[in-house]
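Student: Let me see the structure of the following:
(chains A and B)
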Amino acid sequence: MQLVENLKPHLAKNNIIFAQSLGLCPALAVSNTGLNAFVMGLLTLLVLVLSSSLISMIRSFVPHQARIPIFIVVIAGFVSLVDLFMQGYFYEQYKLIGLFIPLIVVNCAILASAETMASKSDLITSFVQSTLAGVGFTFAITLIGLLREILGSLSVFGFKLIELNGILIFMTPAGAFLALGIILAIINAFKERENDY
Amino acid sequence: MKPLLSLKNDTHKIMFEVIISLIPAILYKVYIFGWLGAFSLITLIATALITEKALSKILQIKSDLGDYSSLITAILLFLALNCNMHAFIYIMASLVAIGLGKIVYGGFAKNIFNPAMVGWCFVMISFPQYMTKHIDYNNSINFIDSLRVFFSFYNIDSLTQATPLTQYKHDQGLFDSNCMIATLNILTLIGGLYLIAKRVISYIFPLFISLGVIVALFTFDYELFAASSLFFLYGPIILAAFYIITDPVSSPSLVKSQMVYSFMIGFVSILIAKLGVFPIGVAFAVLLMNSINFILDKVFNKGVNYETK
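Tutor: Here you go, the predicted structure:
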């Protein structure tokens, strides 16, 4: 129960994408279908948790001046690991989003998490916090992907709802911005209502 | 030569003039398309007004001018779209034009982009299979059949196309049945000249967009006479020149920047036609130039002899 309470702010109010506006590049580029977005979210979650844990373990002997390159090397190592893992075991999915997996290295959400949280807290805290944030990221990117898939091709996770063409613009990069804007507008409307009362 | 906004007191009157000047073109288009024309016009206007009212209420925007500008947006969409599509496409066009083109920026006179062109581009990218289909004229379809076409996704192959330019792009030739589009454009031209005579719009916009188109045609090695008669007579340039790029909200306010703005729209339209997949890119050119018109105003504001309107 405590875990659910902790997770709640990470889904909307303190979400990486919706509130902090970090990691927008994968959220806009890979969210053309719900499944692609979900896999991308899971991979990012994996890299986020692993790199945050390792960084929190090595934080005492990382020189302060050289911390960013060291964090990047750690993150890049885990990204290569995830990349090879996808290539080896899920080659069909890898063909769809493979181009974007190495780009997880430059996902600023992971670096921000390493810099602001993992390099200052112990292993347990950093593991729990990064897991919560990563689940929030996965939720957000899957939501964008589902919205784009439903509007753009009238299907959910690849299952066609109606045999018609959807609103094609939502399958294009411009549609990603529109979908993100719609979701942000709804979240902000709820936030405002909460602040009023 | 004054843009609409400088005349705050009789903005209503000026918008009324714009609608009056569009009436011949609307009536003619409804005539050549028959019932389908009437249905699409009614759908566009109704959706625009309902969207305007509903969203203004939700977002608590108070504007008595919003209704007029929505009406003009819907009419411009009607003149820019063809009339053989499904009702859903008109609803989307109007909804996006008013919602995403205007209301999200805070209502009337706060939008960056031209609402009608936002709606047009949205449906062009979303439903290209309907927007670029060639079909011939017929205004003799009866009421019931028109309704059936309008509310279903069945194709009808006995109506007209939005612009013969699509066909020129593919076949390098024209059918002889396009004089109706030309008549429509001439009626639009008459309306535009009436607005210039009434000093509602500036002559700078049509003049410089024409210059831009002609320079572009020279640059890209078109056969000048054939291509210019094609683009001017059958294309959307006249509508754009008199009604779309003159929109006072989304166009620059200094004379010099208006010149650059109009010229670049003409030039970029032909550039898009030459290099892209679309027959002509007026709407995309308008959106592109809308996004930099503040910069244009700033650049020319530094000059010595500028005029503020």
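Student: If you count neighbours, what's buried in stretch A:13-23?
Tutor: Under the neighbour-count criterion of 16 or more other C-beta atoms under 10 Å in any protein chain shown, stretch A:13-23 has A:15-20, A:22-23 buried. (Glycine included, C-beta is placed from N, CA and C.)
Student: Nearest to residue B:12 among the residues you listed?
Tutor: The shortest approach to residue B:12 among these belongs to residue A:18, at 41.4 Å (C-beta to C-beta).
Student: So which of the buried residues of stretch A:13-23 reach chain B?
Tutor: Checked against chain B using C-beta under 8 Å from any C-beta of the partner chain, the buried residues of stretch A:13-23 give no members in range.
Student: and of these, the nearest to chain B?
Tutor: Chain B has its nearest neighbour among these in residue A:18, at 17.5 Å by C-beta to the nearest C-beta.
Student: Could you report the pLDDT at the closest one?
Tutor: You'll see residue A:18 listed with a pLDDT of 86.
Student: Identify the farthest-apart pair in the buried residues of stretch A:13-23.
Tutor: Largest pairwise distance in the buried residues of stretch A:13-23, by C-beta to C-beta, is 11.8 Å, between A:19 and A:23.
Student: Tabulate the buried residues of stretch A:13-23 in CSV, adding columns for distance to residue B:287 and secondary structure.
Tutor: Shown next, in CSV, are these (distance: C-beta to C-beta, whole Å; DSSP: H, G, I helix; E, B strand; the rest coil):
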residue, distance to residue B:287, secondary structure
A:15, 31, coil
A:16, 31, coil
A:17, 27, coil
A:18, 27, coil
A:19, 30, coil
A:20, 30, coil
A:22, 29, coil
A:23, 28, coil
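Student: now do the same end-to-end measure for stretch A:115-131.
Tutor: 16 Å (C-alpha to C-alpha, to the nearest Å).
Student: ditto for stretch A:159-169
Tutor: Terminal residues of stretch A:159-169 are spaced 19 Å apart (C-alpha to C-alpha).
Student: same thing with stretch B:198-205?
Tutor: So stretch B:198-205: terminal residues 15 Å apart, C-alpha to C-alpha.
Student: Leaving out chain neighbours, which residue sits closest to residue B:142?
Tutor: residue B:35 (7.5 Å; C-beta to C-beta, 6 or more residues apart in numbering or on different chains).
Student: do residue A:51 as well
Tutor: residue A:75 is the one closest to residue A:51 (C-beta to C-beta, 6+ apart), at 4.7 Å.
Student: show me what contacts that neighbour?
Tutor: A:47, A:51, A:104-105, A:110-111, A:114 (C-beta atoms under 8 Å, 6 or more residues apart in numbering or on different chains).
Student: Pick the one among those closest to chain B.
Tutor: Closest approach to chain B among those (C-beta to the nearest C-beta): residue A:104, at 29.4 Å.
Student: what about the longest helix in chain A?
Tutor: helix A:123-153 (DSSP state H).
Student: now check that helix, is it near chain B?
Tutor: No. Counting by C-beta under 8 Å from any C-beta, chain B has no neighbours in helix A:123-153; the shortest distance is 8.8 Å.
Student: swap in stretch A:25-36?
Tutor: No. Stretch A:25-36 lies out of reach of chain B by C-beta under 8 Å from any C-beta, never closer than 14.6 Å.
Student: starting at the chain centroid, how far to that stretch?
Tutor: 10 Å (C-alpha atoms, centre = their mean, to the nearest Å).
Student: So which bits of that stretch are buried?
Tutor: Going by neighbour count (16+ other C-beta under 10 Å), the buried part of stretch A:25-36 is A:26-36.
Student: Tell me which two of these sit farthest apart.
Tutor: Maximum pairwise distance among the buried residues of stretch A:25-36 (C-beta to C-beta): 16.7 Å, between A:28 and A:35.
Student: Show me where chain A has its helices.
Tutor: A:2-11, A:24-29, A:34-58, A:67-89, A:91-97, A:108-113, A:123-153, A:173-196.
Student: and those helices, which one's lowest on average pLDDT?
Tutor: Ranked by mean pLDDT, the helices of chain A bottom out at helix A:2-11, with a mean of 78.
Student: Spatially nearest residue to residue 12, not counting backbone neighbours?
Tutor: Picked chain A for this. Closest to residue A:12 by C-beta to C-beta, 6+ apart is residue A:187, at 5.6 Å.
Student: Chain B is the one I meant
Tutor: Residue B:12 sits nearest to residue B:68 (C-beta to C-beta, 6+ apart), 6.8 Å away.
Student: between the buried residues of stretch A:13-23, which is nearest residue B:124?
Tutor: Nearest to residue B:124, judged by C-beta to C-beta, of the buried residues of stretch A:13-23 is residue A:17 at 29.1 Å.
Student: From residue A:13, how far out is the residue nearest to the closest one when sequence neighbours are not counted?
Tutor: In space, and not counting its chain neighbours, residue A:17 is closest to residue A:140: 4.1 Å by C-beta to C-beta, 6+ apart. The gap separating residue A:140 from residue A:13 is 12 Å, by C-beta to C-beta, to the nearest Å.
Student: shared neighbours, these two?
Tutor: With C-beta under 8 Å, 6+ apart as the test, residue A:140 and residue A:13 reach no residue in common.
Student: count of residues packed around residue A:166?
Tutor: Neighbour count of residue A:166, defined by other C-beta atoms under 10 Å in any protein chain shown: 20.
Student: same thing with residue B:145?
Tutor: 15.
Student: okay, it: pLDDT?
Tutor: On the pLDDT scale, residue B:145 is placed at 70.
Student: Summarise which helices and strands the strand or helix carrying it is packed against.
Tutor: Assigning secondary structure by DSSP states H and E places residue B:145 in helix B:143-150. Applying 3 or more C-beta pairs under 8 Å, 6 or more residues apart in numbering or on different chains; DSSP states H and E, one finds that helix B:143-150 contacts helix B:35-59.
Student: ok and the helix it packs on relative to helix B:143-150, angle-wise?
Tutor: Angle, helix B:35-59 to helix B:143-150, by axes from the mean of the first three to the mean of the last three C-alpha atoms, to 10 degrees: 50 degrees.
Student: Please name every helix or strand in contact with helix B:35-59.
Tutor: helix B:11-33, helix B:66-80, helix B:87-99, helix B:143-150.
Student: among those helices, which is nearest residue B:286?
Tutor: helix B:66-80 (10.8 Å).
Student: With just CA atoms, put that closest one into PDB.
Tutor: Extracted as PDB, the C-alpha positions of helix B:66-80 are listed here (Å, rounded to 0.1, in the frame of the first residue of the first chain):
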ATOM      1  CA  GLY B  66     -14.700  35.400 -32.100                       C
ATOM      2  CA  ASP B  67     -18.000  34.300 -33.700                       C
ATOM      3  CA  TYR B  68     -17.400  36.500 -36.800                       C
ATOM      4  CA  SER B  69     -13.900  35.300 -37.300                       C
ATOM      5  CA  SER B  70     -15.000  31.700 -36.900                       C
ATOM      6  CA  LEU B  71     -17.600  32.200 -39.500                       C
ATOM      7  CA  ILE B  72     -15.000  33.700 -41.900                       C
ATOM      8  CA  THR B  73     -12.600  30.800 -41.100                       C
ATOM      9  CA  ALA B  74     -15.400  28.200 -41.900                       C
ATOM     10  CA  ILE B  75     -16.200  30.000 -45.200                       C
ATOM     11  CA  LEU B  76     -12.500  30.100 -46.200                       C
ATOM     12  CA  LEU B  77     -12.200  26.400 -45.400                       C
ATOM     13  CA  PHE B  78     -15.300  25.800 -47.600                       C
ATOM     14  CA  LEU B  79     -13.700  27.600 -50.500                       C
ATOM     15  CA  ALA B  80     -10.400  25.800 -50.000                       C
END
